[in-house]
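Asks: the following block contains a protein sequence and its predicted model.
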Amino acid sequence: MTRQRLVQGNEACAYGALYAGCRFYAGYPITPSSEIMEIMARELPQRGGIFIQMEDEIASDAQRWGPSTGQPTKTAQADVMQAIWGTHGDHPIVVLTASHVRDVFEMTVRAFNISEQYRVPVILLLDEVLSHMRENVALPEPGELTIVERQRPAQTKDFTPFGHREFLAFGEGVRFNVTGMAHNERGFPVQGEEAEKQLLRIVNKIQTNVEKLALYESTYLEDARVLIASFGITSRAAESAVDALRKDSIPAGLLDLKTLWPFPDFLFKKLAAQMDYILVPELNLGQIAREVERAVQGRSAVDHLGRADGSLITPQQIYDRVKRQLGTLQKREVGAYGIVQ
């Protein structure tokens, strides 16, 4: 049986990356992600890997209260849009998150697997509290979790480096052109329809696999009429709030999102037909709530509970918001909850 031990979120992230085969890390000693860098700086050289200290904190940071340097020791979930859209042009990307320390380890491994399988950047979006908290967990033994190995071409005679999922490292196999401009499958610059073709190729390999990439955990969704849709550290408070609501005869359910992008529109469209009310608690001013509202398209009432003072949303705040909003909805039309306000 795997021995349990006290593990910090940042430790779980670093050791999850090593478990997945990481051999290169670029980081910077900045709260709240310093421990990841410290571990990788110590471990990578011993494993034949490479560590580079980056130029500033902007190049490597878990979510903290902002904007600017903000409050380094206070938490937030306000970098969601930065992670999804933080570059110019249309581009494919996958954004993951976690809500428990064991989650951090497993989602780090999944991030490496997705990146190897789809050849796109993957961001694991943690927050200050999850990075610094410690929980008693049993980390996976070698071989317990699946590791997606980098796909190598069977032969290199007609290999097109930007047209397949197979991968050749620089300096091995064949000579090919590398440019930062729009390019074809062989790496040479293109314009017009050919450029659009290549853009659609890299975007569609994510957009056509949204359901495969949609990672989440759910509780009590079978009979739920009230949905708490949360992510990251806030899901822990949401879980407690759902339990309290159900004890009060309110049929609440929890959707703990692990994939923030591509956003699982299909899932919310399905759930919206079942729900009378959806609450999205998050440590920002409404970044995921906007995506939920867009996906639901008016099929259900969507409400946002935000907090941006560097403190966590509590189970009581979620419970109180649901009770208050259901009371408001009942005044508009007769409901089935039997709530006395």
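Replies: That came through fine.
Asks: which stretches in the stretch 151-300 of the chain count as helices?
Replies: 192-207, 210-213, 234-247, 265-272, 287-296 (DSSP state H, counting those that start in this stretch).
Asks: any idea how far stretch 294-304 is from the chain center?
Replies: Remark: stretch 294-304 is offset 21 Å from the chain centroid, using Cα atoms, centre = their mean, to the nearest Å.
Asks: residues making contact with stretch 119-126?
Replies: 9-10, 13, 33, 62-63, 77, 79-80, 83, 92-98, 104, 107-108, 111-112, 114-115, 165, 167, 202, 205-206, 232, 260 (Cβ atoms under 8 Å, 6 or more residues apart in numbering). C-beta: built from backbone N, CA, C; applies to glycine.
Asks: between the two ends of that stretch, how far is it?
Replies: This stretch, stretch 119-126, spans 22 Å end to end (Cα to Cα, to the nearest Å).
Asks: among the contacts of stretch 119-126, which lie within strands?
Replies: 94, 95, 96, 260 (DSSP state E).
Asks: can you name the two of the residues you listed that are farthest apart?
Replies: 94 and 260 (8.9 Å; Cβ to Cβ).
Asks: about what we covered before: adding neighbour count, write the ones in strands among the contacts of stretch 119-126 out as CSV.
Replies: CSV is the format used below for the ones in strands among the contacts of stretch 119-126 (neighbours: other Cβ atoms under 10 Å):
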residue, neighbour count
94, 24
95, 20
96, 24
260, 23
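Asks: and which of the residues you listed is nearest residue 213?
Replies: Nearest to residue 213 among the ones in strands among the contacts of stretch 119-126, counting by Cβ to Cβ, is residue 94 at 6.2 Å.
Asks: how near is that closest one to residue 295?
Replies: Using Cβ to Cβ, to the nearest Å, residue 94 is found at 17 Å from residue 295.
Asks: ok, residue 147 next?
Replies: Taking Cβ to Cβ as the measure, residue 147 falls 32 Å from residue 295.
Asks: the two: which is more packed in?
Replies: residue 295 (20 against 13; other Cβ atoms under 10 Å).
Asks: so the more buried one versus residue 232, what's the distance?
Replies: Distance of residue 295 to residue 232, given as Cβ to Cβ: 19 Å.
Asks: ditto for residue 111
Replies: For residue 111 relative to residue 232 (Cβ to Cβ), the value is 14 Å.
Asks: the two - which one has more neighbours?
Replies: Using other Cβ under 10 Å as the criterion, residue 111 and residue 232 rank with residue 232 on top: 26 against 22.
Asks: state the pLDDT value of that one.
Replies: For residue 232, the model assigns a pLDDT of 97.
Asks: with residue 339 instead?
Replies: For residue 339, the model assigns a pLDDT of 36.
Asks: tell me who's in contact with residue 276.
Replies: 225, 226, 300, 301, 326, 329, 335.
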